[in-house]
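1. test case, fold it:
(chains A and B)
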Amino acid sequence: MSANIVYAILVTSLATFLSRFLGALTSQGIKETSKLFKWFNCLAYATLAALIARTIIFPAGVLTESSYYSRSIVVFLSLFVFFISKKNFVYPTIFSAICMAIINNYI
Amino acid sequence: MINKNFFFKGYRSIFTHDSPAIALTCCFIAIGALFKNLGFNIQESIFSTVLTYALPGSLVMAESMLIGASLLNIFLAVWFVNARLYPMAVSLFPLMMHKSQPKWKYYFSCHFIAVSAWLIMKSNYKKIPKEYRIDYWIGIGTATVSVSVIGTFIGFYFSEFMNKDMMIGLAILNPVYFLCMMVGASKTIQVTLSVLLGIILGPIIYLFSTEWSILLAGVIGGTIAYLVGEYNVS
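-> Okay, here's the model as predicted:
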């Protein structure tokens, strides 16, 4: 089991590093004012947003044990806290964890 | 080698009032607990966090191991999930390239590409002289990896004291934090539209293709946002 775990970790890190390294390698000829750079910037933001939305709506791991409605309520309330706290990142983050634990326990 | 002033300036960026340190620690607490449940020992858990340093990839590895997937399957699944790191790297490294800096710094520091470090760098790079941005970036990366290791360590040893609701609370923290950071970063029409389209298209495409959803949503949403932004400028 232990050898399997080590191999799995190595394979995971290789698969992860590959995208990072290829990105660093191919970005060398790209200027930050170029259209290609702007396009990749949009791709990066859209990809991240898609990942976040998927994590909330179709989660993996322990979040699958919570309901879709509880996750949606927590996200909307946290965004509300984000805006009323003048776009502070820490308050809505802590609020989301506490709110989720409470909602999941009582609802 | 590495300019210490800018390295530590980058390192300290996670101690600011809007720091990702708390969110990142909590997420890796959940990961540490997950690793323990999977049968990892503490060395393997830390080893995984340091070498992979990407939450979705670690989750995919854990899930694949649970169902007894082969190493090739794990490789492909993680590669698909983490392919988002490619456009992230391409949209970050040109901001840090400087002819006076050796190439190895860029190849070494690409390991630090992850959502939290990437968003911190994107918000702060204009304040740093271009020559030293790479040192600042290495500082941010070192700090975020350190925080992740601490989180994994805590999660591994304290998982017995945490119930299911607490674990779920920790797990929602990460997407909420990143969502707030993305909304906060939406200052131009291109970025705002990219974020909106990504949020809408990601789950819709997931209904048709679980493996390609993130990449397809990124390419389609990002391209539309780019074209709309360019059209608006012209």
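
2. how about the worst-scoring helix or strand of chain B on mean pLDDT, does it reach chain A?
-> The weakest-scoring helix or strand in chain B, judged by mean pLDDT, DSSP states H and E, is helix B:55-66 (a mean of 80). Yes: shown here: helix B:55-66 in contact with chain A (CB under 8 Å from any CB of the partner chain) through B:56-65. Every C-beta, even on glycine, is put in place using the N, C-alpha and C of the backbone.

3. what sits against residue B:23?
-> A:89, A:93, B:116, B:173-174, B:176-178 (CB atoms under 8 Å, 6 or more residues apart in numbering or on different chains).

4. quick one: it from residue B:205, how far?
-> Distance, residue B:23 to residue B:205, by CB to CB, to the nearest Å: 26 Å.

5. in chain A, which spans are helices?
-> Under the criterion DSSP state H, helices of chain A are mapped to A:2-26, A:35-57, A:68-84, A:90-106.

6. quick one: closest of those to residue B:93.
-> helix A:2-26 (5.4 Å; CB to CB).

7. contacts only, for the closest residue to residue B:96 other than its chain neighbours.
-> Nearest residue to residue B:96, sequence neighbours excluded (CB to CB, 6 or more residues apart in numbering or on different chains): residue B:133, at 4.2 Å. For residue B:133, the contacting residues are B:6, B:95-96, B:98, B:121, B:125, by CB under 8 Å, 6+ apart.

8. so which bits of the least confident helix or strand of chain B are buried?
-> Going by neighbour count (16 or more other CB atoms under 10 Å in any protein chain shown), the buried part of helix B:55-66 is B:55-65.

9. what do you get for stretch B:147-163?
-> B:147-156, B:159.

10. go on, stretch A:18-36?
-> A:18-25, A:27, A:30, A:32.

11. just the residues you listed now: which is nearest residue A:69?
-> Closest approach to residue A:69 among those (CB to CB): residue A:19, at 34.2 Å.

12. show me the shaky parts of the chain.
-> In the absence of a named chain, this looks at chain A. Within chain A, the segments meeting pLDDT under 70 span A:1-3, A:107.

13. think we crossed wires, I meant chain B
-> Using pLDDT under 70, chain B drops low at B:17-18.

14. go again using 50 as the cut-off
-> The model of chain B has no residue with pLDDT under 50.

15. residue of chain A closest to chain B, please.
-> Residue nearest to chain B within chain A: residue A:23 (2.3 Å; CB to the nearest CB).

16. what angle sits between the helix ranked longest in chain B and helix B:55-66?
-> If you go by DSSP H, chain B has its longest helix at helix B:133-158. Here helix B:133-158 points in a direction 40 degrees away from that of helix B:55-66 (axes from the mean of the first three to the mean of the last three CA atoms, to 10 degrees).

17. after helix B:133-158 comes which helix or strand?
-> As assigned by DSSP states H and E, the chain's next helix or strand after helix B:133-158 is helix B:164-185.

18. quick check, that next one touching chain A?
-> Yes: applying CB under 8 Å from any CB, one finds helix B:164-185 touching chain A at B:164-185.

19. skip the chain neighbours and tell me the closest residue to the residue of chain B found nearest chain A.
-> Closest to chain A within chain B is residue B:89: 2.3 Å, counting by CB to the nearest CB. Residue nearest to residue B:89 in three dimensions, not counting chain neighbours: residue A:23, with 2.3 Å by CB to CB, 6+ apart.

20. what residues are up against the one you found?
-> Going by CB under 8 Å, 6+ apart, residue A:23 touches B:85-90, B:93, B:110, B:113.

21. many thanks, I have nothing further to ask.
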